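Novice: Fold the stuff below for me.
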Amino acid sequence: MPRLSRLRLTESVFPVILLLSGIFFVLLYVEYRATQDAETTQHIHITAKSAVDTTNEERATSVVEVDFSSDPRIAKAETWIAQKRYDKAEAIYFEILAEEPSAQIHNWLGTLYLKEKLYNKALVSFSNALKLNPDYYRARYNRALAYSALDEPEKAISDYKLVIAGFENHAKSHFNLGLLYYQLKLYDQAIDTFKRTSELSSGEKKIKALYLLGRSYMRVDPPEKDAAIKTFNAVIRLKPDHIGSRLALVDLEHGADSAGLRARLQKYNQMLELEPENIAIHRAIYETHRALGEEKLAKEMIKKALLHEPNNITLQFELVHTLVHLKQYTQAVSVLKEILTIDPQNSKAYFHLGRLNYLKGDLDAALDAYKKVMEFKPKVSPALWNNMGLLYSKMGRFDDAFNAYMQALALRSDYPEVYYNLGVLSMKQKEYEQAANYFNEAIARRQGYRQAYYNLGLVYGHLEKNQESIEAYKEVLRLRPDDIRVQLNLAVRYSKTGALEEAQKLYESILKNDDSYYTAWLNLGLVYRQQGAYDKAIDALERAIALEPESAKAHRALAKSYSLQGDYKAATKILYTLLAQNPADVRTRLAYARSYYRAKKRNTALREYKKVLKLDPDNKVAIKMIEKIETRKRKRNVKK
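Specialist: Numbers count the residues shown, from 1 in each chain. Below is the predicted model of the structure:
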């Protein structure tokens, strides 16, 4: 028969595996981002979680209930767990709970679900334990782990604080709380928490806490360099071969400029000669090559590291990141598939697989990958909904895209990239007023959002709000003065408002820096023509044609300039040549007819306008000009 006892803070029933294994400082998140000109995605990350506590400190609670530790059914459950027959163990726990509510059993059931990575179920079980016994700190600690696994750090922080309030010396709660503060970039709080953890701990726990304390000193604003150096040296006194601290001291000794990074590389390579299989040194060299923009060297270094640890998923993700930078998408996909052979439920791998298939244009495969993320990741992130929106938009499924973006905003209302992407979606559907609203929302949430300002300029152009368009383009140029694409668009808007001198200055400035820019020569020629400077217009347009000899638009503009100058022969010759190449070109045919009309060759003009109608029976310009010529002809006949 089970005996009565007060529940303890910790029980030793069965070991629970680490939620994520590896070197503890893997908590530094891995970020992946791929962007497109018009649409932006945002990243997701993975952080290390601590295992369920197995310390032996005790604390009595105010609730008395049955202790099932000696129940033979529990021993049987442990046997099933050792054999990975989790369903059998679960059935035993359910059997006991059917007989009597028990916080202890709910807690054990929750740790079983943690083992299976069924974090939502684990959360329910730990919460049930706490309903029965609010002072059951063991269940509260474990619930914090579940919240962390579900990417709900604020709730995890709250539970860790409650554990600490009831059990102030609980070192693992302090440590995990520090990890969460570090993840959230709350480095001041991380510093205080890791200090306390180091005071409460010894051995490896103390070393880990001190190391992360040093990292927090490096990242706090402003960095506390002297405190960081002191802390890393304290780690090395405890563990002379602690590679993380030795690498950090190299970083602190040398700056992050090019010379400093080169000096770091030299030190790292010396360290690697002494420890050729040390993965941390390989990673440091890899990261330094990336900081120097040496992606190919970074790739080679991470591949060398993988020779020593071929199943190291963290290294494989870093290789994926580098391959994406090198635009080697097919190789990156292959690496992600290797990761999935090691961990078939790795939601991060499926997320990146979806993004890469999106970039490759394999949209169905991208959708399948994102659906896998939803299957394996208990809580869908705003970043995933945003990427789903991008995917649906590219597939032409605009309603699905809109709904996905709304889901992202429901989870994170201050998500500027989602408002930006909603603006792009509205542009695709020619809903320009709505697009302008979304781009303004994006700008309100992200200062200096250059691409949003650029698209706002485009949208206002479509709406013929030229002054608003001009102001948007000016803002882009404030952020990036050398953006020629924006200078061209701004010059066009100046032309639309009649500010021809401003437009002329911009075009001339562009061509001063790059006289091989066809569009600038073409538009400058049009501006000169509007100003009546026909000789300059002809020179500019001839430069444009020299760059793009097949441009019908430039030839027509040149013909019109000759015509306005009174050189109808030159104009008709240019247009005749164009028509010989493409007799069905309505715009050129119209210009050809107009050239004869200006030369007062009405009969020839009439004949050419009628040819236009054969190509385009509803052409209003041709109909109007034919009526005008024939009316004048009838009046002249009447006079005769």
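Novice: List the contacts of residue 150.
Specialist: Residue 150 is in contact with 119, 120, 123, 378, 379, counting by Cβ atoms under 8 Å, 6 or more residues apart in numbering. For every residue, glycine as well, the C-beta is placed using N, CA and C.
Novice: wait, the last one sits on residue 153?
Specialist: Spelled out, that is residue 379. No. Using Cβ atoms under 8 Å as the test, residue 379 is too far from residue 153 to be in contact (11.7 Å).
Novice: Compare the two (neighbour count), which wins?
Specialist: More neighbours surround residue 153 than the other of residue 379 and residue 153, with 18 against 13 (other Cβ atoms under 10 Å).
Novice: so what's the nearest residue to the more buried one once chain neighbours are set aside up against?
Specialist: Closest residue to residue 153 apart from its sequence neighbours, by Cβ to Cβ, 6 or more residues apart in numbering: residue 180 at 4.9 Å. Shown in contact with residue 180 (Cβ under 8 Å, 6+ apart): 148, 153, 156, 157, 160.
Novice: which SSE is the first one in?
Specialist: What that stands for is residue 148. Element membership for residue 148 (DSSP states H and E) is helix 137-149.
Novice: so residue 558 touches residue 539, yeah?
Specialist: No. Applying Cβ under 8 Å, one finds residue 558 not in contact with residue 539, separated by 10.1 Å.
Novice: ok, those two, which is more surrounded?
Specialist: Comparing residue 558 with residue 539 by other Cβ under 10 Å, the one with more neighbours is residue 558, at 25 against 15.
Novice: And the longest helix belonging to the chain, what's buried?
Specialist: Longest helix in the chain, counting residues (DSSP state H): helix 620-639. For helix 620-639, a neighbour-count test (16 or more other Cβ atoms under 10 Å) marks 622, 625, 626, 629 as buried.
Novice: Surely the first one and residue 613 touch.
Specialist: Read it as residue 622. Yes. With contact defined as Cβ under 8 Å, residue 622 reaches residue 613; the gap is 5.1 Å.
Novice: Next, show the common contact partners of the two.
Specialist: By Cβ under 8 Å, 6+ apart, residue 622 and residue 613 have no common neighbours.
Novice: where in this structure is pLDDT low?
Specialist: Within the chain, the ranges that satisfy pLDDT under 70 run 1-65, 378, 640.
Novice: thinking again about what came up before, need the overlap of contacts for residue 558 and residue 539.
Specialist: residue 525.
Novice: What residues of stretch 467-486 count as buried?
Specialist: 468, 469, 470, 471, 472, 473, 475, 476, 477, 483, 486.
Novice: which residue packs closest to the second one, ignoring adjacent ones?
Specialist: Once flanking residues are discounted, residue 469 sits nearest to residue 460: 3.7 Å by Cβ to Cβ, 6+ apart.
Novice: Quick one: residues contacting that neighbour.
Specialist: The neighbours of residue 460, taking Cβ under 8 Å, 6+ apart as the test, are 436, 466, 468, 469, 472.
Novice: what does residue 393 give?
Specialist: 39, 401, 421, 424, 425, 428.
Novice: Tell me which of those fall in strands.
Specialist: Residues of these located in strands (DSSP state E): none.
Novice: Just the buried ones out of the residues you listed, please.
Specialist: For the contacts of residue 393, a burial check counting by 16+ other Cβ under 10 Å picks out 39, 401, 421, 424, 425.
Novice: Specify which member of those is nearest to residue 338.
Specialist: Nearest to residue 338 among these, counting by Cβ to Cβ, is residue 39 at 28.4 Å.
Novice: one step back: want to try CSV for the contacts of residue 150, with secondary structure as columns?
Specialist: As requested, the contacts of residue 150 are exported to CSV (DSSP: H, G, I helix; E, B strand; the rest coil):
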residue, secondary structure
119, helix
120, helix
123, helix
378, coil
379, coil
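Novice: between the residues you listed, which is closest to residue 288?
Specialist: residue 379 (34.8 Å).
Novice: So for that closest one, what's the nearest residue that isn't a sequence neighbour?
Specialist: Residue 379 sits nearest to residue 150 (Cβ to Cβ, 6+ apart), 4.9 Å away.
Novice: for residue 602, same thing?
Specialist: residue 629 (5.4 Å).
Novice: Could you pull up the contacting residues of the one you found?
Specialist: By Cβ under 8 Å, 6+ apart, residue 629 lies in contact with 597, 602, 605, 606, 609.
Novice: who wins for most neighbours among those?
Specialist: Going by other Cβ under 10 Å, residue 609 tops those with 27 neighbours.
Novice: What is the burial count for residue 123?
Specialist: Residue 123: 23 neighbours (other Cβ under 10 Å).
Novice: Ok, the one 4 residues further on next?
Specialist: For residue 127, the count of nearby residues is 15 (other Cβ under 10 Å).
Novice: that older thread, how much space separates the residue nearest to residue 379 from residue 139?
Specialist: Applying Cβ to Cβ, to the nearest Å, the value for residue 150 to residue 139 is 16 Å.
Novice: Check residue 354 too.
Specialist: Counting by Cβ to Cβ - residue 354 and residue 139 are separated by 36 Å.
Novice: Specify which residue of those two has the higher count of neighbours.
Specialist: The neighbour count for residue 354 versus residue 139, taken as other Cβ under 10 Å, is higher for residue 139 (30 against 27).
Novice: check contacts around that one.
Specialist: Residues near residue 139 by Cβ under 8 Å, 6+ apart: 103, 106, 107, 110, 126, 129, 130, 133.
Novice: in those, which two residues are the furthest apart from each other?
Specialist: Going by Cβ to Cβ, the pair spanning the contacts of residue 139 furthest: 110 and 133, at 13.3 Å.
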